[in-house]
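Colleague: structure of the sequence below:
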Amino acid sequence: MEGSQDVTFREAGLFQKDAFTVAYKDISAIVSNVPLKEMQPDAESITHHQRVVEQSRTQGTILPARFGIMFKSEDGVKQMLAKSYKDLKGKMAKIRGKDEFGLKVLIEESNLKKFSTVSHNNAEIKKIKKEIAASGEGTSYFLKMKMDEAIRNDTYRRIEALSQEIHSDLGKTVSESCLLRSDFDQIILNAAYLIDRAGATRFHKRLESIKTKYAKEGFTFHLSGPWAPYSFC
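Modeller: Purely as a prediction, here's the structure:
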């Protein structure tokens, strides 16, 4: 966190302990005293960690740390701050006055059929269709399998192109952006955007325009935030 002022967040830390600042020069780490043992990333602990992150954002620019970082003493915290001082200051300068927003774009399974129908106009697929019509029963079976795979690949290629188009378009309105891993096939875009608070209106207007543009494609947009900039630290 920027600043060396003493700040206490009452009962906000793990095990409902106070969270407080440990300063080095003009930056501070926000910590709490806990038993020296492995911390389990259960729902309650993660909630407390996130609560401290969100409360500390009211004090100024922060770099959110991953859960479970431990030091034996406050001196250990200060040594870490001293060792990483230049790097931490640079990262704080990059994210100062900015928030992270997350965007997921989903497509329903039923809407994939529409893309598959369009894929039948693909030149490669048309060629396989002609081969099927001129082949015997045994050969046509394997050609149909080949055609199904070609349709599936073409469908996902065109969906990927649309998702990249959306990501690129939104990227023009933000300070920085990144793609995140998608755990489900229905999520065709999972991205994070670092947005200057002064320019947030421009991002939201562009997103509304994109929603209108792609409404006919059957995409669903889920925007979350503002968050601390986890993805850009």
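
Colleague: burial count for Tyr156?
Modeller: Using other CB atoms under 10 Å as the criterion, Tyr156 is surrounded by 15 other residues. In this view, the C-beta of every residue, glycine as well, is placed from N, C-alpha and C.

Colleague: my bad, Arg51
Modeller: Here the number of neighbours of Arg51 (other CB under 10 Å) works out to 15.

Colleague: show me how far the helix or strand harbouring Glu208 is from its chain's centre.
Modeller: With the criterion set as DSSP states H and E, the secondary-structure element containing Glu208 is helix 200-213. For helix 200-213, the separation from the chain centroid amounts to 18 Å (computed by CA atoms, centre = their mean, to the nearest Å).

Colleague: check stretch 80-95 too.
Modeller: Taking CA atoms, centre = their mean, the mean C-alpha location of stretch 80-95 is offset from the chain mean by 22 Å.

Colleague: residues in contact with stretch 57-65: which ones?
Modeller: Identification of contacts with stretch 57-65 by CB atoms under 8 Å, 6 or more residues apart in numbering yields 1-3, 5, 7, 30, 53, 56, 88, 91-92, 95-97, 228-230, 233.

Colleague: same thing but at 6 Å, please
Modeller: Met1, Glu2, Gly3, Val7, Val53, Ser56, Lys91, Met92, Arg96, Ala228, Tyr230, Cys233 (CB atoms under 6 Å, 6 or more residues apart in numbering).

Colleague: circling back to that earlier point, pull out the buried positions in the helix holding Glu208.
Modeller: By neighbour count on 16 or more other CB atoms under 10 Å, the buried set for helix 200-213 is Ala200, Phe203, Arg206, Leu207, Ile210.

Colleague: ok, and the closest non-adjacent residue to the second one?
Modeller: In other words, Phe203. Thr173 (4.5 Å; CB to CB, 6 or more residues apart in numbering).

Colleague: now the helix or strand Ile30 falls within: mean pLDDT?
Modeller: If you go by DSSP H and E, Ile30 is part of strand 27-31. Confidence for strand 27-31, expressed as mean pLDDT, is 95.

Colleague: send me it as PDB with only the CA atoms.
Modeller: Once side chains and other backbone atoms are set aside, the C-alpha atoms of strand 27-31 remain, and they are given as PDB (Å, rounded to 0.1, in the frame of the first residue of the first chain):
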ATOM      1  CA  ILE A  27       5.000   2.100   1.500                       C
ATOM      2  CA  SER A  28       3.400  -0.300   3.900                       C
ATOM      3  CA  ALA A  29       2.300  -4.000   4.100                       C
ATOM      4  CA  ILE A  30      -1.000  -4.800   5.600                       C
ATOM      5  CA  VAL A  31      -0.700  -7.800   8.000                       C
END
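
Colleague: please name every helix or strand in contact with it.
Modeller: When contacts are defined as 3 or more CB pairs under 6 Å, 6 or more residues apart in numbering; DSSP states H and E, strand 27-31 sits against strand 19-24.

Colleague: what's the angle from the strand it packs on to strand 27-31?
Modeller: Comparing the axes of strand 19-24 and strand 27-31 via axes from the mean of the first three to the mean of the last three CA atoms, to 10 degrees yields an angle of 150 degrees.

Colleague: quick one: mean pLDDT over strand 19-24.
Modeller: For strand 19-24, mean pLDDT is 94.

Colleague: which residues sit against it?
Modeller: When contacts are defined by CB under 6 Å, 6+ apart, strand 19-24 is touched by residues 4, 7-9, 12-13, 28-32, 52, 74, 77-78, 81-82.
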